[in-house]
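[1] Starting from these lines, generate the structure:
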Amino acid sequence: MIKLLGAMLVLAAGTLIGFLMAGKYAARPRELRQMAYALKRLETEIGYGRTPLPIALLRTGEAASPPVSDIFKAAAEELRREDGPTFQESWTAAVNRVWAYTAMRSVEQGIVLRLGSALGISDKDDQLKHLKLALVQLKAEEDEARDEQARYEKMWKSLGVLAAALVVIVMI
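    Below is the predicted model of the structure:
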């Protein structure tokens, strides 16, 4: 009876691990789409609304979904601090603080961080060019993420179940 209960727990744990790993492959393209949407929203706020950057970041964060929205909200909060950090410092601190909670990788983090070095220090047209460049780069990463999802999501689900089944067979 105890062996059967242990076998069921091992099988459930292995399956759960496989599904969690597969979930990361499913979350990455979704979060990249959300980031692209948020950057398009920021582009609209800057280009057409001529909204000040802290307010544009806050509005963008309110329109996006977590964890992407958390980056924009955190950057807006950083900009409002009394010690007066630059936009790049605020953006970098917000991205570094929130990035661990995303499924995105360091390549995407680099794209987003580079964007922070261009916003807030140049004219509207230059900022819009940098936003468009970041959108193109994120689109390429999203395409790659979808390919990886198609390749590895089913594999991780199956691997979790099969590895757990192997452990159960060895246990018994």
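[2] Output the contacting helices and strands for whichever strand or helix holds Asp147.
    Using DSSP states H and E, Asp147 sits in helix 124-171. If contacts are counted by 3 or more C-beta pairs under 8 Å, 6 or more residues apart in numbering; DSSP states H and E, helix 124-171 sits against helix 2-47, helix 106-116. C-betas here are computed from N, CA, C, even on glycine.
[3] Format those helices as a markdown table; extra columns: distance to Lys73 and mean neighbour count.
    Below are the helices and strands packed on helix 124-171 laid out as a markdown table (distance: least, C-beta to C-beta, whole Å; neighbours: other C-beta atoms under 10 Å):
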| stretch | distance to Lys73 | mean neighbour count |
| --- | --- | --- |
| helix 2-47 | 11 | 17 |
| helix 106-116 | 15 | 17 |
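[4] Including distance to Arg146 and mean pLDDT, could those go into TSV?
    Formatted as TSV, these follow (distance: least, C-beta to C-beta, whole Å; pLDDT from 0 to 100):
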stretch	distance to Arg146	mean pLDDT
helix 2-47	5	92
helix 106-116	14	92
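[5] Tell me which of these lies nearest to Ala75.
    In terms of C-beta to C-beta, the element of these nearest to Ala75 is helix 106-116, at 8.0 Å.
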